[in-house]
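S.K.: Predicted model follows, preceded by the sequence.
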Amino acid sequence: MDPSEEEALPPTPSEVKNVIRVPMARPGFGTKGNKVPILTNHVEVKLCHIKDTYFFRYSVALFYEDGHPVDGKGIGRKVLDRVRETYKAVLGGKDFAYDGEKALFTVGPLPTVKLDFIVVLEDIASSRSHGNAGEQGSSYQSRTYKVEIRYAARIPMNAIIDALRGQESDYAQEALCVLDMILRQHSAKRGCLLVRQSFFNDDPRNFADLGSQVLACRGYHSSFRTTQGGLSLNIDVSTTVIIKPGPVAFFLTANQRVGHLSSVDWAKAKCVLKNLRVEIMNREFKITGLSEKTCREQTFTLKQRSKEQDGEEAQTTEVTVYDYFVNQRNISLTYSADLPCINVGKPKRPTYFPIELCSLVSLQRYTKALSTSQRAFLVDKSRQNPQETMSVLSNALKINKYDAEPLLHSCGVSINGNFTQVEGRVLPSPKLKVGNEEDLYAQNGRWDLKNKKVAYACEIKRWVVVSFTSVSGFSMVHNLIRIGDMKGVDIEPPFAYFNEDSLSRRASPLDRVNKMYEKITLKLPGSPDFILCLLPSRNCDIYGPWKQKSLSVGIVTQCLLPRPADTEYMTNLLLKINAKLGGLNFVLARELSLPLVSQVPTMILGMDVSHGSPGQSDIPSVAAVVSSRKWPSISRYRACIRTQSPKVEMIDGLFQPVSDTEDDDGIIRELLVDFYTSSGKRKPDQIIIFRDGVSESQFNQVLNIELTQIIEACKFLDYNWSPRFAVIVAQKNHHTKFFQPNSHVNVQPGTIIDNDVCHPKNNDFYLCAHAGMSGTTRPTHYHVLLDDIGFSPDELQELVHSLSYVYQRSTTAISVVAPIRYAHLAAAQLGQCMKFKDASETSIPKLHSRVRETMFFC
């Protein structure tokens, strides 16, 4: 597999054997580790007399009186609630679960397969029938709706029992969705904000102010899960961000951080306000936009009819919004005259109100990107120790009274009020090695490098210091060299210091970076091997362009903030620099004797995709794959990165057939060649894939799209080569938590659970590899989708646990395997570069050969 011989390799196969893969069944259970009792946030659910019980699904269509379909969201529940109240007898006394859009479900059938209703909702402020706020009586009229309900299908409840036995079906998934829908409807009746399966009450005790008229809102998540122990209700604490209720004017000035409404950016305001609900004169409306003119200039047609003109056509006059409210409605306006009006009507039939009459109602999600300080505060406010979390969840179960929900009773579902206890195991921490072959033992998932040397030290000889601040960095460099000497890393004094002049600070970030590199080029006879870069603040505008330039010209860099150079900080900095420049800070003592991995050439991949921030739908997603190199090491990695369509999770650049117009060999082909050349010209006989960021509904895509591309890349290099694969998905975005009974501290590092709350059939397990120092530990949920290698449960679980201890940036075990964390870092770093590119540019900077094989992302 010598790269120079690629032209002589067999051509790309026309197709890889088309095999439909599905997630594997569990081969057995792990046994290693000390057994411990663990409390979970799952509640037992009993199913009684459901053998002959069916959910009946009906399609729902809503129309206005004139036959036009209802196009507004949110009105559906109010209309169906009125149907429930008005036509109880026609419905045969049956209640139903409604999804809020186009489907409802009943337990047992309705009297007929086709039902039509007409309902009237009073005092609904409709933007469809009235044009301007001044049309007499048209702003607050009743609305008539036509409702069509048609039979669609029936779903056997017994399918849930089959799923608990490992026989999954579409019926089982749909039946579980109906049960979840009942929970949603139960919470909707209580006035909660619904965010998928998370529910938020309008209770100020659950709010925390994030600034800029934005609040953190604590609620809870609840959903039904099929597990080995039976059907369970998973309930967890959940947090979302909402807009602080109150005057629209206050929100805009605070959100844009301006002192007066005259300074508001109204283009941004229009974007932020669209679709928010406001209360105006005791009526609720949805904002559709802003007026183009100010309140004193914006006119509309006012229809007026005097008593003498009864029966005659009304007279029309043009009037401004300001004059109408001040003179016709006798409402005093103090600051709206020179501001845009709030539009709650349609684009062609607007309905305008002065901004000071509009107040935002409570429980409205804020979906725009938060500032760095807001995100940090949100994380801090979301943390609760295990005891607090259990207390909140126990209280949520009592308050919600799910067991009193009539629809759940009617389908034979009863919910136990106690949390499930399971048997967990605590795996022993793997032994590590540092410099001079010295053994190092972790305590509580942490270890100390005090008086230790790194396992493999790099040499830092030709390097420079760059500062975009007023600090030169002399003292920090002195301490770095001192710490390096203590850790066995030879650091020579820097070749030069480069400080940015004050005039350059007025230029754009890209120009500032280019000018700094011009200075370096003029003074140095060649490129430095390493640059230490001082930045003025975290997440500053310099970071993206600086990393982009450095990776393009092939120089490894380390950014830092000017701060007191204490030993701990400089040691952590040195660990990152050593790893970036080819060293290793520590390795597993068993690295050369890991079961199945050390015996035959084995390549480990970590795959992740980074998406743009909320509201950045046009920025391409960044896919990163890291691979192990220099087998049998499992501590050294390199990254390969590509861009793809925004918000697309499946990686589409894993394999690219060679063409005359493209110089992209595909991610996997590039990594395979690197493994071959760095591992003594050995091809991997085994490839272990760790995939992050995918949901259970995407497992089949990982197996049948992404894995197929990887196999195609292998076949391209050698048609007769068939490595064995293991595919493991890691999930952090789930709601299962573990607790030590009668304890206020988190579960021990190494706690693993592969029973009871795990999947009834598939091969999965939960692992808390790390020590939760604050808040409640969230375990990583590992799903083993494929294992052609033949790991035993203990061997695979120990490998995953060990890979949580080889993360070179930290002297702690981390919550997920290192390859996935590295892939996340690589994608995020190149994602920063994308933020400063022109909108028309969709590719990331091409990595220079000098950094391509390094852990530049570390």
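M.R.: Sure thing, it's come through.

S.K.: Identify the residue nearest S802 in space, chain neighbours excluded?
M.R.: P430 (4.8 Å; CB to CB, 6 or more residues apart in numbering). (Glycine included, C-beta is placed from N, CA and C.)

S.K.: check which helix or strand covers the one you found.
M.R.: Element membership of P430, judged by DSSP states H and E, is empty: it is in no helix or strand.

S.K.: who touches it in this structure?
M.R.: P430 makes contact with A442, L588, A589, R590, E798, H801, S802, Y805, according to CB atoms under 8 Å, 6 or more residues apart in numbering.

S.K.: ok, it to Y441 distance?
M.R.: Going from P430 to Y441 by CB to CB, to the nearest Å gives 9 Å.

S.K.: K94 now?
M.R.: Taking CB to CB, one finds K94 at 64 Å from Y441.

S.K.: quick one: which helix or strand includes the residue nearest to I705 when sequence neighbours are not counted?
M.R.: Leaving aside its sequence neighbours, I705 sits nearest to M650 (CB to CB, 6+ apart; 5.8 Å). Under DSSP H and E, no helix or strand contains M650.

S.K.: I'd like to know how many residues surround M650.
M.R.: M650 sits with 16 neighbouring residues when counted by other CB atoms under 10 Å.

S.K.: Now do the same contact list for it.
M.R.: M650 touches Q698, Q701, V702, I705, E706, counting by CB under 8 Å, 6+ apart.

S.K.: Would you mind checking those residues for buried ones?
M.R.: Buried subset of the contacts of M650 (neighbour count, 16 or more other CB atoms under 10 Å): Q698, V702, E706.

S.K.: check contacts around the first one.
M.R.: Yep, that's Q698 we're talking about. By CB under 8 Å, 6+ apart, Q698 lies in contact with E649, M650.

S.K.: hang on, I160 is in a helix, isn't it?
M.R.: Yes: looking at I160 with DSSP: H, G, I helix; E, B strand; the rest coil, it is inside a helix.

S.K.: my guess is it meets S169, correct?
M.R.: No: taking contacts as CB atoms under 8 Å, I160 lies outside contact range of S169: 9.8 Å.

S.K.: Comparing these two, which shows the higher neighbour count?
M.R.: Neighbours per residue (other CB under 10 Å) separate I160 from S169, with I160 holding more: 25 against 14.

S.K.: Test for you: state the pLDDT assigned to that one.
M.R.: The per-residue pLDDT reported for I160 equals 95.

S.K.: Now for it: which residues touch it?
M.R.: Residues near I160 by CB under 8 Å, 6+ apart: L47, I50, A172, A175, L176, T226, L231.

S.K.: And for K401, the neighbour number?
M.R.: So K401, with other CB under 10 Å, has 11 neighbours.

S.K.: so how far is H186 from it?
M.R.: Distance, K401 to H186, using CB to CB: 9 Å.

S.K.: Nearest residue to P562 in space, please, no chain neighbours.
M.R.: P562's closest residue in space is V471 (CB to CB, 6+ apart), at 3.9 Å.

S.K.: which SS state does that neighbour fall under?
M.R.: Here V471 is coil, with the state taken from three-state DSSP.

S.K.: Retrieve the pLDDT associated with it.
M.R.: Note on V471: pLDDT of 85.

S.K.: partner strands of the helix or strand hosting T40, parallel or antiparallel?
M.R.: Using DSSP H and E, T40 maps to strand 34-47. Sheet pairing for strand 34-47, assigned by DSSP bridges, gives strand 230-243 (antiparallel), strand 413-426 (antiparallel), strand 738-739 (antiparallel).

S.K.: Just send those back as a markdown table, with mean pLDDT, mean neighbour count and distance to L594 too.
M.R.: Formatted as a markdown table, these follow (pLDDT from 0 to 100; neighbours: other CB atoms under 10 Å; distance: least, CB to CB, whole Å):
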| stretch | mean pLDDT | mean neighbour count | distance to L594 |
| --- | --- | --- | --- |
| strand 230-243 | 95 | 21 | 34 |
| strand 413-426 | 93 | 18 | 19 |
| strand 738-739 | 96 | 23 | 27 |
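
S.K.: Tell me which of the ones you listed lies nearest to H783.
M.R.: For H783, the closest of the strands paired with strand 34-47 is strand 230-243, at 16.2 Å, according to CB to CB.

S.K.: roughly how far is the closest one from the heart of the chain?
M.R.: Centre-to-centre, strand 230-243 and its host chain are 15 Å apart (CA atoms, centre = their mean, to the nearest Å).

S.K.: what's the next secondary structure element after that strand?
M.R.: strand 246-247.

S.K.: Now do the next helix-or-strand element following that following strand against strand 230-243, angle only.
M.R.: Using DSSP H and E, the helix or strand that follows strand 246-247 in sequence is helix 248-255. Orientation check (axes from the mean of the first three to the mean of the last three CA atoms, to 10 degrees): helix 248-255 against strand 230-243 gives 90 degrees.

S.K.: distance of the nearest residue to D541 once chain neighbours are set aside from M516?
M.R.: Among residues not flanking D541 along the chain, P509 sits closest, at 4.2 Å (CB to CB, 6+ apart). Separation of P509 from M516 (CB to CB): 11 Å.

S.K.: Name every strand pairing with the lowest-mean-pLDDT helix or strand in the chain and say which way it goes.
M.R.: Lowest mean confidence among the helices and strands of the chain (mean pLDDT, DSSP states H and E): strand 299-304, at a mean of 85. Sheet pairing of strand 299-304 (DSSP bridges) gives strand 315-320 (antiparallel).

S.K.: mind listing what's buried in the partner strand?
M.R.: Residues V319, T320 are the ones in strand 315-320 that count as buried (16+ other CB under 10 Å).

S.K.: With only the CA atoms kept, save that strand in PDB.
M.R.: Written as PDB, here are the backbone C-alpha positions of strand 315-320 (Å, rounded to 0.1, in the frame of the first residue of the first chain):
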ATOM      1  CA  GLN A 315     -66.700  55.600   4.500                       C
ATOM      2  CA  THR A 316     -63.000  55.100   4.300                       C
ATOM      3  CA  THR A 317     -60.200  57.500   5.300                       C
ATOM      4  CA  GLU A 318     -56.400  57.200   5.400                       C
ATOM      5  CA  VAL A 319     -55.100  57.600   8.900                       C
ATOM      6  CA  THR A 320     -51.700  57.000  10.600                       C
END
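
S.K.: Downstream of that strand, the next helix or strand is which one?
M.R.: Assigned by DSSP H and E, the successor of strand 315-320 is helix 321-323.

S.K.: How far does the next helix or strand after that following helix sit from its chain's centre?
M.R.: Downstream of helix 321-323, the first helix or strand assigned by DSSP H and E is strand 340-343. Mean-position distance between strand 340-343 and its chain equals 34 Å (CA atoms, centre = their mean).
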